[in-house]
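Peer 1: Starting from these lines, generate the structure:
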Amino acid sequence: MNWMIYGANGYTGELIAREAVKRGLKPILAGRRRDRIEALAGELGLEARVFGLDDTGSLAGQLRDCGLVLHCAGPFSATAAPMMAACLEAGAHYLDITGEIAVFEHAQSLTARAREAGVVLCPGVGFDVIPTDCVAAALKDALPDATELTLGFDSRTGMSPGTAKTSVEGMAQGGKIRRGGKLVTVPLAFEVRRIDFGDGEKLAMTIPWGDLSTAFHSTGIPDIRVFIPGSPKMIRGARIANLFRPALGWDWVQRWLKARIDKTVRGPSELVRARQPTFVWGEARNARGETRTARVRTDNAYSLTVTGALAVVDHLMTEVPAGGAYTPARLVGTDLVSRLPGSGAIEIV
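Peer 2: All right, here's what the predicted structure looks like:
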């Protein structure tokens, strides 16, 4: 099966492309930056294709000979919908490495079309959201009548430019939780509590993470929140940002912030990634107050994104699932995270 990495010129896309070649794989490298795509493809001995995502008609034509696209070009709020549409038209499975709630919800809205086309739509096959999705599914198995699910992770790695831009967009949209099965907008740092993610108890705050969509579709649990560690200064800053959050959504403010990111943000080096594992935690509770707690230590977030994305690519190369919208745990299995390099088993108490 021919397959493509779109956005291979980005920080994470390039890491995935290089690892794919180490494994003897031959993906087509694609993106809109001719100089960078052709240079990388030439270095790795791969085919290069240069095209943008603004013409969905010609976009589908670029995918006709591909059975699968691994989409790595963010911000996915702008790029995922046209690529999903093209994959459905071309009959190619769609994977991406997003953590954006709206992208997951959009994929779920296309379930019927994907089933009819025999196409798998599975966003979030990186750190966003493989570990947390597997933890959510494991907790549902451990406590089938759970009505509340809380997830979180402790990752001290720096951001890539794409992740930083997504975070800037997210701040403008405010905080999110899932309540009664519905996504609800709340202030940034809406709830603060102390959590032991696996590396000691820390102050933590809620964030609008992709699991508010994926964990719901993986488990059906109606009330979900996601936390990350936050210092008192960080929490105060998030809450102050609530006062001027509408201004963060202005086009010129977004452009200025993203331009700053392009000039100042670089993804973590291989040495840094090797030194910074991630700790993932989850807690499920039922109506009687019974709880189950899960933890798993994983590889660095970006390193896990590389191995996780390629694990799902391999799954679709060897398995023939029915078309539809999936989460990683539903597509590959709850043990997916534990099978990745640098990850342990999910421990539930």
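Peer 1: use CA for all of it now, contacts and neighbours both
Peer 2: Fine.
Peer 1: Need the per-residue pLDDT for the residue lying closest to residue 335 once chain neighbours are set aside.
Peer 2: Once flanking residues are discounted, residue 335 sits nearest to residue 134: 6.7 Å by Cα to Cα, 6 or more residues apart in numbering. With respect to pLDDT, residue 134 scores 98.
Peer 1: was I right about residue 134 contacting residue 336?
Peer 2: Yes: contact criterion Cα atoms under 8 Å: residue 134 and residue 336 qualify, at 7.0 Å.
Peer 1: Just want to know which of these two has more residues nearby.
Peer 2: Comparing residue 134 with residue 336 by other Cα atoms under 10 Å, the one with more neighbours is residue 134, at 26 against 21.
Peer 1: Okay, and the more buried one sits in which element?
Peer 2: Using DSSP states H and E, residue 134 maps to helix 130-142.
Peer 1: low-confidence ranges in this protein?
Peer 2: Residues of the chain meeting the criterion pLDDT under 70: 56, 156-173, 245-275.
Peer 1: ok, 50 please
Peer 2: 159-160, 164, 265 (pLDDT under 50).
Peer 1: list the contacts for the residue nearest in space to the middle of it?
Peer 2: Computing the C-alpha centroid of the chain and ranking residues by Cα atoms, centre = their mean puts residue 128 first, at 2.7 Å. Residues in contact with residue 128, defined by Cα atoms under 8 Å, 6 or more residues apart in numbering, are 97-99, 210, 305.
Peer 1: Got phi/psi on residue 70?
Peer 2: phi -100, psi 110 (degrees, to the nearest 10).
Peer 1: Counting neighbours, what do you get for it?
Peer 2: When neighbours are counted by other Cα under 10 Å, residue 70 registers 27.
Peer 1: in the sheet, who's paired with it?
Peer 2: residue 5, residue 95 (DSSP bridges).
Peer 1: residues contacting it?
Peer 2: Contact partners of residue 70, counting by Cα under 8 Å, 6+ apart, are 3-6, 94-96, 309, 313.
Peer 1: and the gap between it and residue 124?
Peer 2: The gap separating residue 70 from residue 124 is 10 Å, by Cα to Cα, to the nearest Å.
Peer 1: what do you get for residue 237?
Peer 2: Per Cα to Cα, residue 237 is found 28 Å from residue 124.
Peer 1: Give me the more crowded residue out of those two.
Peer 2: The neighbour comparison of residue 237 against residue 124 (other Cα under 10 Å) goes to residue 124, with 28 against 13.
Peer 1: Hmm, the more buried one is touching residue 326, no?
Peer 2: No: the criterion here is Cα under 8 Å, and residue 124 misses it with residue 326 at 9.7 Å.
Peer 1: Tell me which other helices or strands the helix or strand in which residue 309 is found touches.
Peer 2: Taking DSSP H and E as the definition, residue 309 sits inside helix 301-318. If contacts are counted by 3 or more Cα pairs under 8 Å, 6 or more residues apart in numbering; DSSP states H and E, helix 301-318 sits against helix 11-22, strand 68-71, helix 270-275, helix 328-332.
Peer 1: any idea of the angle it forms with helix 130-142?
Peer 2: Angle, helix 301-318 to helix 130-142, by axes from the mean of the first three to the mean of the last three Cα atoms, to 10 degrees: 70 degrees.
Peer 1: what is the orientation angle of helix 301-318 with helix 11-22?
Peer 2: Using the same axes, to 10 degrees, helix 301-318 lies at 50 degrees relative to helix 11-22.
Peer 1: So if we follow the domain assignment, how does this structure break up?
Peer 2: 3-126+303-333, 130-301 (automatic domain parsing).
Peer 1: Of all those domains, which one is nearest residue 344?
Peer 2: The minimum distance between residue 344 and the domains of the chain falls on domain 130-301, with 5.8 Å, by Cα to Cα.
Peer 1: so where do the helices sit in the stretch 101-250 of the chain?
Peer 2: 101-109, 111-117, 130-142, 161-173, 211-219, 232-241, 245-248 (DSSP state H, counting those that start in this stretch).
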